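> Here is a sequence together with a model predicted from it:
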Amino acid sequence: DTGVSQNPRHKITKRGQNVTFRCDPISEHNRLYWYRQTLGQGPEFLTYFQNEAQLEKSRLLSDRFSAERPKGSFSTLEIQRTEQGDSAMYLCASSSQGALSSYEQYFGPGTRLTVT
Amino acid sequence: AQSVAQPEDQVNVAEGNPLTVKCTYSVSGNPYLFWYVQYPNRGLQFLLKYITGDNLVKGSYGFEAEFNKSQTSFHLKKPSALVSDSALYFCAVRDKGNQGGKLIFGQGTELSVKP
């Protein structure tokens, strides 16, 4: 297992453009999380999925943000009409539900978004 | 509301000396506690967790942490620091009552180990 992967690793876009990021979790994990991390801060929770169901969304997730996990495997995070304040590292994490050893989340390398 | 505080933005230690990175938390119920490490331009790497049981938990790379319920703390420790331990360390908490498992992170502590 190669761990959580994210693509692209870096994205530079102009204000007002739409961007989409992809996350591929660890294959046996049924939970998938999105976080946002800005410089000098810890990650902040955005949303999470259990299988294909999106079960919780943060107030940080404005209506310009949408996330999907259509088949309960990979997930996409789309930001519409990007703003400079969206510039951040977007982290994806996965975990499995149930076993005691599954409480930790495993993170991908992140997608760094720069909005110019 | 849940929160995590890491009171030190930076910790400087000489190689071979013991290190401590401090963390205090606030949750409404009982906590699950975690430490992660982040190297430059990389994602977070899991180090250790407290779920239940012994208050002293051991993790990767010789790190350990002690859960102190009365002081609501979960400090990260290592008996002998290595230069390669230099990185950004994050403490995180999850409320046991939160079925979804979202983590609340501290703002991070940069650990610098000098030869």
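Structure received.

> hey, let's count contacts and neighbours off CA atoms from now on
Will do.

> tell me the SS of B:Lys77?
strand (DSSP: H, G, I helix; E, B strand; the rest coil).

> Look up the pLDDT of it for me, please.
pLDDT for B:Lys77: 98.

> sec struct for the nearest residue to it once chain neighbours are set aside, please.
Distance criterion C-alpha to C-alpha, 6 or more residues apart in numbering or on different chains; nearest residue to B:Lys77, sequence neighbours excluded, is B:Thr20 at 4.5 Å. Three-state call for B:Thr20 (three-state DSSP): strand.

> My guess is B:Thr20 contacts B:Leu76. True?
Yes: B:Thr20 is within contact range of B:Leu76, at 5.5 Å (criterion: C-alpha atoms under 8 Å).

> who's more crowded, the two?
B:Leu76 (24 against 18; other C-alpha atoms under 10 Å in any protein chain shown).

> That one bridge partners, please.
Using DSSP bridges, the bridge partners assigned to B:Leu76 are B:Val21, B:Ala65.

> what's the answer for B:Arg94, then?
Beta-bridge pairing for B:Arg94 (DSSP bridges): B:Tyr32.

> Enumerate every residue touching it.
Listed by C-alpha atoms under 8 Å, 6 or more residues apart in numbering or on different chains, the contact set of B:Arg94 reads B:27, B:31-33, B:101-104.

> what about residue 83, how many neighbours?
Picked chain A for this. Look at A:Glu83: counted by other C-alpha under 10 Å, it has 18 neighbours.

> switch to chain B, that's the one I care about
With other C-alpha under 10 Å as criterion, B:Val83 counts 15.

> Neighbours of the closest residue to it other than its chain neighbours, how many?
Using C-alpha to C-alpha, 6+ apart and skipping residues adjacent in sequence, the residue nearest B:Val83 is B:Val113, 4.9 Å away. B:Val113: 20 surrounding residues under other C-alpha under 10 Å.

> Look at B:Val113 and give its secondary structure.
strand.

> Now do it, the pLDDT please.
Confidence score, pLDDT, at B:Val113: 97.

> Dig out what it forms beta bridges with.
Assigned bridge partners for B:Val113, using DSSP bridges, are B:Val13.

> check contacts around it.
Counting by C-alpha under 8 Å, 6+ apart, B:Val113 touches B:12-15, B:81-86.

> Identify the spatial nearest neighbour of the spatially most central residue of chain A, chain neighbours not counted.
Residue closest to the average C-alpha location in chain A (C-alpha atoms, centre = their mean): A:Trp34, at 3.1 Å. Nearest non-adjacent residue to A:Trp34, counting by C-alpha to C-alpha, 6+ apart: A:Cys92, 4.6 Å away.

> Beyond the strand or helix carrying the one you found, next helix or strand please.
For A:Cys92, the host element (DSSP states H and E) is strand A:88-95. Using DSSP H and E, the helix or strand that follows strand A:88-95 towards the C-terminus is strand A:106-107.

> Point out the other helices and strands that that next one packs with.
If you count contacts as 3 or more C-alpha pairs under 8 Å, 6 or more residues apart in numbering or on different chains; DSSP states H and E, strand A:106-107 packs onto strand A:88-95, strand B:44-50.
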